[in-house]
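In: Okay, predicted coordinates and the sequence, questions at the end:
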Amino acid sequence: MFLLLGPLTAALAEFGPNLAEVMRYPAYEQWRLLTIGKYIEHTDFFSIYQWLAGAYIRVSMALFLIMEVFKGKTNNVKLGILFAVGFLMVVISIVPFSNFKFLHVSQTFYYPGAFYFLLLLSAFFVYRHFHQI
């Protein structure tokens, strides 16, 4: 959540809502605006560090939370699930997408699918919580 709010509010403040909405990598553009003193202007390489650190934290948290969901399973089952999810993450990250295709797939499939999946998952946990008592 905090990894999203900082760049989001900065993009809205620096570029406005219309321009920030169409940017795929707003953090890269934000680092391009930064200058340090008179002579250091090209600080956009810091965006790669920010991107990699954020990706590492997100992937680590996702894998940790997946293992927490399967807490009662044996270690072999958990390792199998971990390798399957990791393999799926690698395969999805290798597939090349153009910006237009990425936005289309995100808006048409990913966001609605993630919304309904999280809604069903929340309903399942609420049901499980109230029927265990």
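Out: Looks like it arrived, so ask away. Quantities reported herein were computed from a predicted structural model and do not represent experimental measurements.

In: what's in contact with the worst-scoring helix or strand of the chain on mean pLDDT?
Out: When the helices and strands of the chain are scored by mean pLDDT, DSSP states H and E, helix 26-33 comes last with a mean of 80. Helix 26-33 has contacts (CB atoms under 8 Å, 6 or more residues apart in numbering) with 7-8, 10-11, 14-15, 20, 23, 43-47, 50-51. Every C-beta, even on glycine, is put in place using the N, C-alpha and C of the backbone.

In: Drop anything exposed from those.
Out: The neighbour-count test (16 or more other CB atoms under 10 Å) applied to the contacts of helix 26-33 identifies 7, 11, 15, 20, 47, 50 as buried.

In: With just CA atoms, put the host helix or strand of the second one into PDB.
Out: By that I understand residue 11. Element membership of residue 11, judged by DSSP states H and E, is helix 2-22. Coordinates of each C-alpha in helix 2-22 appear next as PDB, following Å, rounded to 0.1, in the frame of the first residue of the first chain:
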ATOM      1  CA  PHE A   2       2.700   2.500   1.000                       C
ATOM      2  CA  LEU A   3       4.800   1.500  -2.100                       C
ATOM      3  CA  LEU A   4       1.900   2.700  -4.200                       C
ATOM      4  CA  LEU A   5       0.800   5.900  -2.400                       C
ATOM      5  CA  GLY A   6       4.200   7.700  -2.600                       C
ATOM      6  CA  PRO A   7       4.600   7.500  -6.400                       C
ATOM      7  CA  LEU A   8       0.900   8.000  -7.000                       C
ATOM      8  CA  THR A   9       0.600  11.200  -5.000                       C
ATOM      9  CA  ALA A  10       3.900  12.500  -6.500                       C
ATOM     10  CA  ALA A  11       2.700  11.800 -10.000                       C
ATOM     11  CA  LEU A  12      -0.600  13.600  -9.400                       C
ATOM     12  CA  ALA A  13       1.200  16.600  -7.900                       C
ATOM     13  CA  GLU A  14       3.900  16.800 -10.600                       C
ATOM     14  CA  PHE A  15       2.000  16.000 -13.700                       C
ATOM     15  CA  GLY A  16      -1.700  16.400 -12.900                       C
ATOM     16  CA  PRO A  17      -4.400  13.700 -13.100                       C
ATOM     17  CA  ASN A  18      -4.800  13.700 -16.900                       C
ATOM     18  CA  LEU A  19      -1.100  13.200 -17.700                       C
ATOM     19  CA  ALA A  20      -0.400  10.900 -14.700                       C
ATOM     20  CA  GLU A  21      -3.300   8.600 -15.800                       C
ATOM     21  CA  VAL A  22      -1.700   7.700 -19.100                       C
END
